[in-house]
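Q: what follows is a predicted structure for the sequence shown.
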Amino acid sequence: MFLVSESIAWGMEHVPFNAALLKTIRFAFPDDSVCFYAEESHLTQVQEQTGEELAASVVWRKLALPSRHSSFYTRLFSDFKTVKFLLNELNENREKNVLVITGNASILWALKYYVG
């Protein structure tokens with residue numbers, strides 16, 4: 001199982017990157033499940049860019065994000081909750097698991113805290 005999370009972008013921002021990332025994962029691991037978490041308008045844009053066949057093979061989940069240009073300290077609490085949620089998702093699905101998460105400093109602090 002692949003859990004992919006876009007924890008920063010809204011709308012069209014980073015869409016080509018995330019669409020290409022999902023295509024790469026899907027083609028390299030055609031039998032593994034893929035779940036993509038992102039802000040709602042970003043999900044829609046990524047789905048459109050991946051095409052119907054690939055979009056149908058991915059589980060799409062909405063993720064509540066702080067404002068795109070929030071300060072580090074404003075994002076920190078939200079990012080800790082997001083990282084904890086994603087790590088719990090991995091723990092609940094004990095098959096082969098990979099977490100791919102885009103991030104910034106507050107995401108990295110949360111990952112360091114929970115994984116350390």
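A: Ah, there it is. Numbering: from 1, shown residues only.
Q: report the longest helix in the chain, please.
A: Of all the segments of type helix in the chain, defined by DSSP state H, the longest one is helix 72-92.
Q: off-centre distance for the helix or strand following it?
A: Per DSSP states H and E, helix 72-92 leads on to strand 98-101 as the next helix or strand towards the C-terminus. Distance of strand 98-101 from the chain centroid (C-alpha atoms, centre = their mean, to the nearest Å) equals 7 Å.
Q: can you list the buried residues in strand 98-101?
A: Within strand 98-101, the residues that count as buried by 16 or more other C-beta atoms under 10 Å are 99-101. (Glycine included, C-beta is placed from N, CA and C.)
Q: and it, average pLDDT?
A: Across strand 98-101, pLDDT averages out at 89.
Q: that one - contacts with which helices or strands?
A: Judged by 3 or more C-beta pairs under 8 Å, 6 or more residues apart in numbering; DSSP states H and E, the packing partners of strand 98-101 are strand 2-5, helix 72-92.
Q: gap between residue 41 and residue 32?
A: As defined by C-beta to C-beta, to the nearest Å, residue 41 lies at a distance of 27 Å from residue 32.
Q: can you pull out the low-pLDDT segments for this protein?
A: Confidence mapping of the chain against pLDDT under 70 gives the ranges 96.
Q: quick check, residue 68 in contact with residue 10.
A: Yes - when contacts are counted by C-beta atoms under 8 Å, residue 68 is listed as touching residue 10 (5.1 Å).
Q: out of the two, which sits in the busier spot?
A: Just comparing residue 68 and residue 10: by other C-beta atoms under 10 Å the higher neighbour count belongs to residue 10, 17 against 12.
Q: secondary structure class for that one?
A: In three-state terms, and counting by DSSP: H, G, I helix; E, B strand; the rest coil, residue 10 is coil.
Q: from residue 26, how far off is residue 56?
A: Using C-beta to C-beta, residue 56 is found at 11 Å from residue 26.
Q: more neighbours: which of those two?
A: Taking other C-beta under 10 Å, residue 56 and residue 26 do not tie; residue 26 has more neighbours (17 against 9).
Q: over to the more buried one: give its phi and psi.
A: Main-chain dihedrals, residue 26, degrees, to the nearest 10: phi -60, psi -40.
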